[in-house]
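Novice: Test case, fold it:
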Amino acid sequence: MRKSGSTGRVKAHPKLKRTLKRGGHYRLVEDKDARWLYAAYRKGVFSEIEHDLSPQDFLEEFIVKTSNADKIYLIVGKTKRGEIPIGVLFFVERNIVDLHVEWFPWASSRNIIESSARVLQDLKKDYNIVITIKDNRDHFILLCRYGLLRSVGKIHNYYGTETGHVFQSVK
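Specialist: Numbers count the residues shown, from 1 in each chain. Here you go, the predicted structure:
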């Protein structure tokens, strides 16, 4: 009888150090970033803002809609075109930290994972982060495998009739 090649162990965890080394950083939004925000808006990213606005009208509406955010960060990632913005992060600090990210359509899955890892790695030093999502759960499971998050559970009917999945940062 032949022995199995596997030892029955769980799949090896990916290396967080390698992911953080490749790239992904974020910075506060500046005036020069308006063109990137407008380009993402034209591709349908900011669904809560009405469609077909001029660049100036969009910026005014964007400022009004995001006025409750304490900080707005532009997430920058490495692409074939160099380092370009791939998303925007809205940071609201009350009793807990509420993070909301809008990914731009040109952000790859790799960009999203690398940038998410960078943001969580930096913010978890100072904050206890709780994330509730309704979709794209696989993305957060991978961040759990990196050791940045842990799955806390589910909240049924959190998003109307949909289930919310809850994750918490790991210190």
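
Novice: Which is the succeeding secondary structure element to the host helix or strand of residue 139?
Specialist: According to DSSP states H and E, residue 139 maps onto helix 137-145. Once helix 137-145 ends, the next helix or strand along the chain (criterion: DSSP H and E) is strand 149-159.

Novice: So what are the sheet partners of that next one and their directions?
Specialist: Partners of strand 149-159 in the sheet, by DSSP bridges, are strand 162-169 (antiparallel).

Novice: what comes up buried for the helix ranked longest in the chain?
Specialist: For the chain, the helix with the greatest residue count under DSSP state H is helix 109-123. Of all the residues in helix 109-123, those buried under the rule 16 or more other CB atoms under 10 Å are 111, 112, 113, 114, 115, 116, 117, 118, 119, 120, 121, 123. Just so you know, the C-beta spots here come from the backbone N, C-alpha and C atoms, and that holds for glycine as well.

Novice: Same question for stretch 120-136.
Specialist: Quick answer for stretch 120-136 (16+ other CB under 10 Å): 120, 121, 123, 124, 129, 131.

Novice: what separates that stretch from the chain centre, distance-wise?
Specialist: Here the centre of stretch 120-136 is set off from its chain's centre by 9 Å, with CA atoms, centre = their mean, to the nearest Å.
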